[in-house]
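In: sequence and predicted structure, then a few things I'm wondering about:
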Amino acid sequence: MIDIPQITFPSYKLASYLLTPLIPFYLKKRIKKDKEDKTRLSERYGHASQERPTGKLIWLHAASVGELISTLSLLDKINTENPDITLLVTSGTVTSAEIAKNKLPKNVIHQFAPLDSPVFVNRFLNYWKPDLVLWLESEFWPNHLREIKSRQIPAILLNARMSEKSFKRWSEHPKSIQTLLSCFTTLSAQSSKDRDKLVKLAKDREVLLPGNMKLAAQPLSYDQIEYKSLKKIIGKRKIIVAASTHPTEEQRLLDCYKSYASTIEQKPLLIIVPRHPQRGAEVFDIITNSKLKAACRSKNEDIEVSTDIYLADTLGELGLFYALSDIVIMGGSFSGKIGGHNPIEPALLDTAIIVGPDMSNFASITKAMLEDKAIKQVKNDEDLTKTISKLLVKSNRASSLKENAKKWAGSRSKSILKRVKNMVLTHLSDHKEAV
C-alpha cells in the first residue's frame, strides 16, 4: 500500500503532476533491468493499445502474478456466462503480462496499468470508461482510486489482504486509510482476520467475506506432451519441486538435498523453479558451486541419471512441475521476508506440500490445511531434511498428504466462485439502473 498521511493527498497529486516529465527516465531504468516491456511502454502512460468494444466493461486490476492467477476462474466464468460484458485486466509486471498472454481467454483485454500520474490515469479512464472496477488485494494508488470515486464508478475491493505490519502502519494514519477505502463501493476480504482489520480501518463499514479467491483458482495448466516426455526421461526417480524460490533459499535447499539424498538408495531429482526466471544464471552458479550436477531448462539441457538438480528457469511452466512432483517445497516461506506463496496451486495438482516457518501471506489457509492434515509445516532446515526423508521412505505418508490436500482445495472452489461472481454482477446491474 502507499503510506501517506491525509494532509498530503493534495501534495501527492501536485507532486505527481510535477514529476510526470521525469517518468520516461524512470521507465528507461526499469527497461534496462527487464522490469518493463519496451514494446508496450505507451500503456504505462495510459494510452490504449487495443480498441474498446462497445457495451459494458469491467476493469480488473491485479498488481502481479499471484493476484492475476487467483482471478482466472472468475474471469473465465464471467466471460463464458456473460459474453456481452467486456473484461479489461491490468497488471504492473512483465511476468504477469506474460501470464495474461498465455492464460486469459482470448477475448479478455490485457493492458499494463498506467503509472499513478493524474495525466495518465485520466487518459486511461477517458478511453476505457469502465462501468465497474475490481481492485485486487491491497496495492492502493491514490490518484487511481480518487479519480475512480470522483467519476462515481462503482468499485469493489476484492479479496483484500492486510498484514499485521500494514495494519499497524495504517492505524497510525486513520484518516488517510479511511479516505482510500471510501473510494470503494464495497469491501471484501480473503479471511476473517483480514476482515476484522479492515472493519477497524474503515471505521466500522461492512466488509464482506465471500471466500478467498485463491481457493477458487483453476488448476494450473501444463503441456501434456511435455509432461509425458519428462516423466519418461526421469523414470522412477522421486521428484521434489522447490517452487518460487527467492535469494538465500536456494543454498539452504541444496544443503538439505545433500543430506536427504545421501540416505536414499536412488537419489531424487530436485527441480528448482526460481520465483523470477531472470535469476537463472545466478541460481545455476549457486548449484555448481555446491558441487552438484545441474541441467538448465532454459538452455534445453537434458536430464541425465547423474543429474542432481534441474533448474527450471522458464516462465509459465509451474503447473508442469507441480504435476510431475511427488513433493513440493513452497518457496518464499524460508527467507523470513516474503511470507510464502500460494499452497493451493500444488494442492490442486495432487502432490505432498511442505512449507517453511513463514507463511504469513497465507496464514489462514495454512492454518486450515494444517488442521485437515493437508500440508506439512517445518520449523527449520533440519526439520525440512527429516520431513522429506520420511516422505520419501514412507510413501503412505506422502499419499495421505496428497489426498488430503486435493480434497481440501477442491471442496471450497465452486461455492466461492459463485458468491464472488454474484457480488460482481450485482454491482454491474445496479450501475446499469443508475445510468
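Out: Good, I have the coordinates.
In: pretty sure K193 belongs to a helix, no?
Out: Yes. Assessed with DSSP: H, G, I helix; E, B strand; the rest coil, K193 lies in a helix.
In: secondary structure class of the residue lying closest to E317 once chain neighbours are set aside, three-state.
Out: Among residues not flanking E317 along the chain, Y222 sits closest, at 6.9 Å (CB to CB, 6 or more residues apart in numbering). All C-beta spots, glycine's among them, are computed from the backbone N, C-alpha and C. Put simply, Y222 is coil when judged by three-state DSSP.
In: and Y222, how far is that from S70?
Out: From Y222 across to S70, the span is 18 Å (CB to CB, to the nearest Å).
In: neighbour-wise, which of these two wins?
Out: Neighbour count, other CB atoms under 10 Å: between Y222 and S70, S70 has more, with 25 against 18.
In: where does this structure have low pLDDT?
Out: Low-confidence segments of the chain (pLDDT under 70): 1-7, 430-435.
In: domain parsing for it?
Out: Following automatic domain parsing, one finds the domains of the chain at 6-209, 224-412.
In: in a markdown table, list these along with distance to V424.
Out: Converted to a markdown table, the domains of the chain look like this (distance: least, CB to CB, whole Å):
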| stretch | distance to V424 |
| --- | --- |
| domain 6-209 | 7 |
| domain 224-412 | 19 |
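In: list just the one of these that sits closest to L215.
Out: Of all the domains of the chain, domain 224-412 sits nearest to L215, with 4.5 Å by CB to CB.
In: count of neighbours near A363?
Out: Counted with other CB under 10 Å, the neighbours of A363 add up to 18.
In: for I78, see how far away it is.
Out: A363 sits 29 Å away from I78, going by CB to CB.
In: then H47?
Out: For H47, the distance to I78 - CB to CB - is 26 Å.
In: more neighbours: which of the two?
Out: Using other CB under 10 Å as the criterion, H47 and I78 rank with I78 on top: 22 against 15.
In: what bridges to the nearest residue to D302 once chain neighbours are set aside?
Out: Nearest non-adjacent residue to D302, counting by CB to CB, 6+ apart: A295, 6.2 Å away. Assessed by DSSP bridges, A295 has beta-bridge partners Y310.
In: number of residues surrounding A295?
Out: The burial count for A295: 21, using other CB under 10 Å.
In: wait, what's in contact with it?
Out: Neighbouring residues of A295 by CB atoms under 8 Å, 6 or more residues apart in numbering: 301-304, 307, 309-311.
In: can you list the buried residues in stretch 53-71?
Out: Using 16 or more other CB atoms under 10 Å as the burial criterion, the residues of stretch 53-71 that qualify are 56-71.
In: and which of those is nearest to L88?
Out: Of the buried residues of stretch 53-71, the one sitting nearest to L88 (CB to CB) turns out to be W59, at 4.6 Å.
In: which residue lies nearest the spatial centre of this structure?
Out: Ranked by distance to the mean C-alpha position of the chain (CA atoms, centre = their mean), the top residue is G66 at 0.7 Å.
In: hmm, who's touching stretch 35-55?
Out: 23, 27, 30-31, 84-86, 93-94, 97, 109, 111-115, 119-124, 127-129.
In: hmm, try it at 7 Å
Out: The contact list for stretch 35-55 (CB atoms under 7 Å, 6 or more residues apart in numbering) reads 27, 30-31, 84, 86, 94, 97, 109, 111-112, 114-115, 120-121, 123-124, 127-128.
In: filter the residues you listed down to the ones in helices?
Out: Applying DSSP state H to those, the entries found in helices are 27, 30-31, 94, 97, 120-121, 123-124, 127-128.
In: going through the residues you listed, which ones are buried?
Out: Buried by 16+ other CB under 10 Å: 27, 94, 97, 120-121, 123-124, 128, out of these.
In: let me know the closest of these to I234.
Out: Nearest to I234, judged by CB to CB, of these is V94 at 30.5 Å.
In: quick one: the closest one from H47, how far?
Out: Computed as CB to CB, the V94 to H47 distance reads 18 Å.
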